[in-house]
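Chemist: quick one, what's the 3D model for this:
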Amino acid sequence: MAMPLETEVLAIDTEAPQRWEDVISKHVGNRKTTAVLIDPSLSQLEDIVIAAHASKTRITLCAWDGQRQYVHIHAPFKTSPFHDRDVHYMRRYFGYFTQVAV
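Modeler: Take a look at the predicted model:
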């Protein structure tokens, strides 16, 4: 993926002793684009939403569209005060592309 900004890729390391919330908070607040490779269970979405809200940054969702054979990039959006709604929306977004890929 090409980005016009310096991008850091943050892969989730479930074996690392650091807490995921601390790692994502440091990266999201660093004024760079942070690409987060999430696990299939999507368990880190709430942490991402909370970190983005705290640093007043936007979230852009990207997913592979297997039916059309391209990467779909969602427009960046600000988080709302209701983290559960943001997480629900993100789960629906990724859920759609998971179904299309099957």
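Chemist: and whatever helix or strand A63 lives in, what's buried?
Modeler: Take DSSP states H and E as the rule and A63 turns out to sit in strand 62-65. Neighbour counts using 16 or more other CB atoms under 10 Å place A63 of strand 62-65 among the buried residues. C-beta coordinates here come from the backbone N, C-alpha and C atoms, glycine included.
Chemist: mind listing what that strand pairs with, with the direction of each?
Modeler: Here strand 62-65 has these sheet partners by DSSP bridges: strand 70-73 (antiparallel).
Chemist: tell me where this protein has strands.
Modeler: Ranges of strands within the chain are 7-11, 33-37, 58-59, 62-65, 70-73, 77-78, based on DSSP state E.
Chemist: where does this structure dip in pLDDT?
Modeler: Scanning the chain for pLDDT under 70 picks out the ranges 1-21, 23, 27-32, 39-41, 100-102.
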